[in-house]
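**Q** What shape does this take:
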Amino acid sequence: MDQDNLLKPINSATVHKICSGQVIIDLTTAVKELVENSLDAGATHIEVKFKDYGLESVSVSDNGPGITTGNYATLCLKHYTSKLSAFDDLATVRTYGFRGEALSSLCALAHVTVTTATADLSPRGVQLDYASTGVLKGQTAIAREVGTTITLSQLFAQWPVRYTQFKKTIRREYARCMAVLEAYGAVCAGTRLVVSHQTAKQGTASQMVFQSNGKPLWLDRIAGVFGPKFRSLLTSYSVALDEHASDADGSNRQNQSRPDDQPPSPGSSRIDGYVSLPRSGCGRSGTERQFYYVNGRPCDLPKVARVVNEVYRSYNPQQYPIVFLNIHLDPGAFDVNVSPDKRTLFLHDEARLQNRIRVS
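**A** Prediction:
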């Protein structure tokens, strides 16, 4: 038998690089994963800093509890996570992250540096450096407050083809990343998100891109990210998805509720949020200001978006709506383990959801 035709296992280093390139596909995915780590850690202040649009580096800092010493060595190893231990846990997962792939994958695609301090060690912290395999290769004592900063340098630089494309489209990548960060800034109550950018021309000075306020009311958070003008353009939207809910006749309760003041009771399903008023001048020429969430998780829901646009354009055919909609579902009613970036979701009864939007 020809030895060249025999099936042979791929070595672990190659498997790691191949899989990592599928988990972290662009700048947006890389930054999103780090921000979600901070949110899952309970941070109330998160700062994202870009250098040269992320081409040189991007860092995410938070005031979370910090990383304990027992987790230094395993922090960037593949499939190490505190968020689930068995496949069945996916049915009840409520955190943004859960697979334990992101940091390990980032190590294969960039130079990763972590600085962290816990309450029992601060003001003494530690800087951790990781190899491309995710193995801890060194640590240095530093001074820092409680929290964690993860810095990615030279993202994709070791991948010639992807790096060439990355440099060519860096402005577009950066713009997409801003849109995703705005989605988190608008939805996350109790957490301030600050985004800044520094170019080579600016030297060490950074320019503020936007900051969220983390206020309790969703409309206040939207206005904090997109400006106070949005208040006058939006109307609240709230509709129950349960067949026997109090508004089962399909009527929404526009302007009668504040979407995130009262979360739905356990086991109930509903859509809450804001949509631009259905009149000329309140919408937009495109769909770039449409944000969809499932249980507060930013996601892509193209079928739902299509229905929302169809209904809105039946009233205002010249424009597309501004949309902020959060779909509250039981964790078992959707599957988030679909795509590497976790933005694609399978809704188990999406047709009924679309119909409720049409008749509301």
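**Q** what's around residue 45, how many residues?
**A** By other Cβ atoms under 10 Å, 15 other residues sit near residue 45. Glycine gets a C-beta too; all of them are placed from N, C-alpha and C.
**Q** let me fix that: residue 271
**A** As a burial measure, residue 271 scores 25 neighbours (other Cβ under 10 Å).
**Q** can you confirm it is in a strand?
**A** Yes: the assignment for residue 271 is a strand, going by DSSP: H, G, I helix; E, B strand; the rest coil.
**Q** How about the contacts made by it?
**A** Contact analysis of residue 271 by Cβ atoms under 8 Å, 6 or more residues apart in numbering lists 237, 238, 239, 241, 325, 326, 327, 328, 353, 356, 357.
**Q** Which one of the residues you listed sits in the busiest neighbourhood?
**A** In terms of neighbours by other Cβ under 10 Å, these top out with residue 327 at 25 neighbours.
**Q** who's that one bridged to?
**A** Here residue 327 sits in beta bridges with residue 271, residue 294, as judged by DSSP bridges.
**Q** Quick check, it in contact with residue 353.
**A** Yes: if you go by Cβ atoms under 8 Å, residue 327 and residue 353 touch, sitting 7.0 Å apart.
**Q** Give me the common contacts of those two.
**A** Joint contacts of residue 327 and residue 353 (Cβ under 8 Å, 6+ apart) are 241, 271, 304, 347.
**Q** and which of those residues is nearest to residue 73?
**A** Closest approach between the shared contacts of residue 327 and residue 353 and residue 73, by Cβ to Cβ: residue 347, at 38.8 Å.
**Q** Extract the C-alpha trace of stretch 212-227 and format it as CSV.
**A** Extracted in CSV, the C-alpha atoms of stretch 212-227 (Å, rounded to 0.1, in the frame of the first residue of the first chain):
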residue,chain,number,x,y,z
SER,A,212,-21.9,54.1,27.6
ASN,A,213,-23.4,55.1,31.0
GLY,A,214,-24.7,51.8,32.3
LYS,A,215,-27.9,53.4,33.6
PRO,A,216,-30.8,51.2,34.7
LEU,A,217,-33.2,52.3,32.0
TRP,A,218,-32.6,51.0,28.5
LEU,A,219,-33.6,54.2,26.8
ASP,A,220,-31.1,56.1,28.9
ARG,A,221,-28.4,53.7,27.9
ILE,A,222,-29.3,54.0,24.2
ALA,A,223,-29.2,57.8,24.5
GLY,A,224,-25.8,57.6,26.2
VAL,A,225,-24.3,55.7,23.3
PHE,A,226,-26.1,57.3,20.3
GLY,A,227,-27.0,60.7,21.6
